[in-house]
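> I'd like to go over a predicted model; first the sequence, then the structure.
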Amino acid sequence: MNNKNITLIALFALLIIPLSCKKGFLNTTDTSAATADNAFGKSSSVVALVNSIYNTFQSSDMLKKSIWYYANYETHDFFNNGSDIVWNYYGIGADFYALPTFWNNSYVGIARANNAIGIIQNAIKQGVVTQALGTRLEGEAYFLRGMIYYYLAGSFGGVPLELNAVSTGLTPRSTQDQVFAQVVSDMKQAETLLVSKTQLASADLGRATKGAAYAYEGAAQMWLKNYTGALAAFNNPELTSNYHLLPNFMDVGEYSNQNNDESIFEVQFLVTGNQSWGDGWQDGGEEGWIDDFDWPQEISGFGYDYANPGLWYSYQAGDLRKQATILGPGDQNMSPDILAKWGGIQGYAVVQANYQSNPTVYSDGNGHPINTCGTIAHPWYGTDGTPRSGYYDAKKWRDPTLTGANGSGAIFGGQNQIMMRYAEVLLDRAECKIRTGDVTGGLADIQTVRNRAWGGTAPAVMQDGLTWDGKPTTPITDPLQMVYSEYRHELTAEYSTFYDLRRAGPGVAAAFIQQEYGTVAGNTNQIVYPYGPTADGKTHGVWNTSLPANKDILPIPVSSIGLNPNLTQNPGY
């Protein structure tokens, strides 16, 4: 196949398919009528072109099976049950089927951004869009291109930099630093073009803002070890004045509280029709299985992702983030939306239908429907004979419209996915301050995040609750270790933790994981958990494999190397 003009092919593909992207501003009404002849002759079509760049991240295989998996499986805080089990012992290969989706979606999005920049500039000159609208749209294109490159470089290391509307598709890889330097450049350009959060119309809620550009610029500067430059971005009033920690940590991830005051950028999703398996992909809405695939198999019928018990034990006493992050045997789901809709776990149809006939699984032991995530006596390991830990992701158990494969069969949901929020900016800023000598200032930022976690004033001493195997812990005194611990306890089960650990420097992630979980090199077998209600002498889907050298980045998809002989594979794959 001739690769010439590959980006123009990607753009033409955009013009001939309907786009039904996301909430609010992305619910356009005329994009399905766009053609190569009339696409950019009116303002709404130019807007639709930019909207299509946002669509890059609206893929469950890209968001969940690539970015989320990487951010959480690599830390050992979460594991997979199913066909992706190789992640549990760092056995991911270059032929992993979700990686081409990640790679290809990214470069289609980059192609759309590259084309959009020139088209928007011309549309302004021709009077197709107003100067104000065109300027904002151009800023969004730069921001989204930079954001795509941010996750590509964070995941794969160096990748090809495509910055023009026409390409042969044979560009070799740039270095990781070169890619992050481009992210900084794109974000700086976006900062001059985007509008402030305070100026964004309500109909445009969810679009990129100046604050989002400063947040990603600062994060990219940290990859480049330019901590002074990162601090300048994080201290910009667009961030410090316009975004705030919510008082209650539980509210951050609630279904009814999307696009809240703490959220800096989140991928917008929308359900417009049937949420069942047979119809969920086809209804014209942008919906995903990202959330209920994390629920216990006993509720959802899936249980494909589950948590490491050691994460549950690691939360310091009194930390309210624990109940909003991880549920173990005997724990209730405390999501306000789940409680309002279902009265908790007891309200799901599968519980109501089975608690008398299957009391071991669905009864609280006292003749009532279970209202906890399993019980101490009978943890929820799944009923399909494959091992799970009995601990699950509370951050993804928030959408009250979902039932999983049970009840009404509502599988596909419209919950937005938060990619960047203000708490992460504060922790990033803390790391930058510590690395530039302002330890007092860094500790103050950490304390701000922790105070919210305790609903008032956090303990002065930072200390894990227990080690992964149930032993007493010692206080954390090293300021950088404090930051890493907070990345984990604040951001795990989102889209950042392992990225932030890898960004800190070579060997940091491996050392942190070994410290938290006592990992063993070369161990590719499940372990018998040594502590707590799941310590019954059996394996329940927990691995303690050390992070091998070179496996802190993903392999370049083998299919991409086949199409571009100038690509080189990452070491170790």
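Nice, I can see it. Residues are numbered from 1 along each chain as shown.

> Helices of the stretch 301-450 of the chain, residue ranges please.
Remark: helices assigned in the stretch 301-450 of the chain by DSSP state H, counting those that start in this stretch are 309-314, 321-325, 336-342, 349-354, 359-362, 422-435, 439-453.

> Take those and write them to TSV, including mean neighbour count and distance to residue 301.
In short, each C-beta sits where N, CA and C put it, glycine included. What follows is the helices of the stretch 301-450 of the chain, written out as TSV (neighbours: other CB atoms under 10 Å; distance: least, CB to CB, whole Å):
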stretch	mean neighbour count	distance to residue 301
helix 309-314	25	23
helix 321-325	23	23
helix 336-342	17	16
helix 349-354	17	8
helix 359-362	18	13
helix 422-435	25	33
helix 439-453	19	33
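
> among those helices, which is nearest residue 396?
helix 321-325 (10.0 Å; CB to CB).

> residues in contact with that closest one?
249-250, 252-253, 311-312, 315, 331, 334-335, 393-395, 453, 489-490, 492-493 (CB atoms under 8 Å, 6 or more residues apart in numbering).

> before we move on, what about stretch 355-362?
Contacts of stretch 355-362 with the rest of the structure, by CB under 8 Å, 6+ apart, involve 298, 350, 351, 354, 363, 365, 368, 369, 370, 378, 380, 383.

> so how far is that stretch from its chain's centroid?
Averaging C-alpha coordinates over stretch 355-362 and over its chain gives two centres that are 35 Å apart (CA atoms, centre = their mean, to the nearest Å).

> And the residue nearest the centre of the protein?
By CA atoms, centre = their mean, the chain has its centre lying nearest to residue 495, at 2.6 Å.

> my guess is that one contacts residue 417, does it?
Yes - the pair residue 495 and residue 417 passes the contact test of CB atoms under 8 Å, sitting 7.1 Å apart.

> overlap in contacts of the two?
Contacts common to residue 495 and residue 417, judged by CB under 8 Å, 6+ apart, are residue 63.

> Verify the stated contact: residue 395 with residue 495.
No - at 10.8 Å, residue 395 does not count as touching residue 495 under the criterion of CB under 8 Å.

> gap between the nearest residue to residue 371 once chain neighbours are set aside and residue 270?
Of all residues not flanking residue 371 in the chain, residue 346 sits nearest, at 4.1 Å (CB to CB, 6 or more residues apart in numbering). Distance of residue 346 to residue 270, computed by CB to CB, to the nearest Å: 29 Å.

> and the helix or strand harbouring residue 266, which strands flank it?
Secondary structure assignment for residue 266, by DSSP states H and E: strand 263-267. Here strand 263-267 has these sheet partners by DSSP bridges: strand 417-421 (antiparallel).

> if we look at the partner strand, which residues are touching it?
Residues outside strand 417-421 that contact it (CB under 8 Å, 6+ apart): 57, 63, 147, 212, 215-216, 219, 243, 252-253, 262-267, 269, 290, 494-496.

> Could you rerun that using 6 Å?
By CB atoms under 6 Å, 6 or more residues apart in numbering, the residues outside strand 417-421 that reach it are 63, 215, 262, 263, 264, 265, 266, 267, 495.

> a helix runs through the first one, doesn't it?
Put plainly, it is residue 63. Yes - under DSSP: H, G, I helix; E, B strand; the rest coil, residue 63 falls within a helix.

> what's near enough to touch it?
The contact partners of residue 63, by CB under 6 Å, 6+ apart, come to 57, 417.

> so which of the helices of the stretch 301-450 of the chain comes closest to residue 232?
With respect to residue 232, and counting by CB to CB, the nearest of these is helix 422-435 at 9.7 Å.

> and the closest one, what's its mean pLDDT?
The pLDDT scores in helix 422-435 average 98.

> That helix - contacts with which helices or strands?
helix 227-234, helix 439-453, helix 479-491 (3 or more CB pairs under 6 Å, 6 or more residues apart in numbering; DSSP states H and E).

> Tabulate the ones you listed in TSV, adding columns for mean pLDDT.
Shown next, in TSV, are the helices and strands packed on helix 422-435 (pLDDT from 0 to 100):
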stretch	mean pLDDT
helix 227-234	98
helix 439-453	98
helix 479-491	98
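
> circling back: out of the helices of the stretch 301-450 of the chain, which comes closest to residue 546?
That would be, of the helices of the stretch 301-450 of the chain and by CB to CB, helix 309-314, which comes in at 14.5 Å.

> for the record, mean pLDDT for the closest one?
98.

> Do a quick rundown of the helices in the stretch 151-300 of the chain.
Using DSSP H, counting those that start in this stretch, helices in the stretch 151-300 of the chain cover 176-193, 210-223, 227-234, 237-240, 297-300.

> For the residue nearest to the centre of the chain, list the residues it contacts.
Going by CB under 6 Å, 6+ apart, residue 495 touches 67, 68, 71, 419.

> Go again with 8 Å.
63, 67, 68, 71, 417, 418, 419.

> okay if I get those as CSV plus pLDDT and distance to residue 519?
Below are the contacts of residue 495 laid out as CSV (pLDDT from 0 to 100; distance: CB to CB, whole Å):
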residue, pLDDT, distance to residue 519
63, 95, 27
67, 97, 23
68, 98, 21
71, 98, 18
417, 97, 29
418, 98, 29
419, 98, 28
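
> ok, so of these, who is nearest residue 43?
Nearest to residue 43 out of the contacts of residue 495 is residue 419 (CB to CB; 27.9 Å).

> Report how many residues lie close to the closest one.
23 (other CB atoms under 10 Å).

> what do you get for residue 385?
Every residue meeting other CB under 10 Å relative to residue 385 is counted, giving 6.

> circling back: for the helices of the stretch 151-300 of the chain, state which one has the densest average packing.
Counting by mean count of other CB atoms under 10 Å, helix 210-223 has the highest mean neighbour count of the helices of the stretch 151-300 of the chain, with a mean of 26.

> circling back: ok, the residue nearest to the centre of the chain to residue 103 distance?
17 Å.

> cool, and residue 74?
For residue 74, the distance to residue 103 - CB to CB - is 18 Å.

> and those two? which has more neighbours close in?
Counted by other CB under 10 Å, residue 74 and residue 103 do not tie: residue 74 has more neighbours, with 25 against 21.

> residues in contact with that one?
Neighbouring residues of residue 74 by CB under 8 Å, 6+ apart: 87, 90, 498, 509, 547, 552.

> at 10 Å what do you get?
87, 90, 92, 497-499, 501-502, 509-510, 513, 547, 551-554 (CB atoms under 10 Å, 6 or more residues apart in numbering).

> Equivalent analysis for residue 171, please.
Listed by CB under 10 Å, 6+ apart, the contact set of residue 171 reads 3, 107, 159, 160, 161, 162, 163, 164, 564, 566, 567.

> give me phi/psi at residue 542?
Dihedral angles of residue 542 (phi, psi; degrees, to the nearest 10) stand at phi -120, psi 130.
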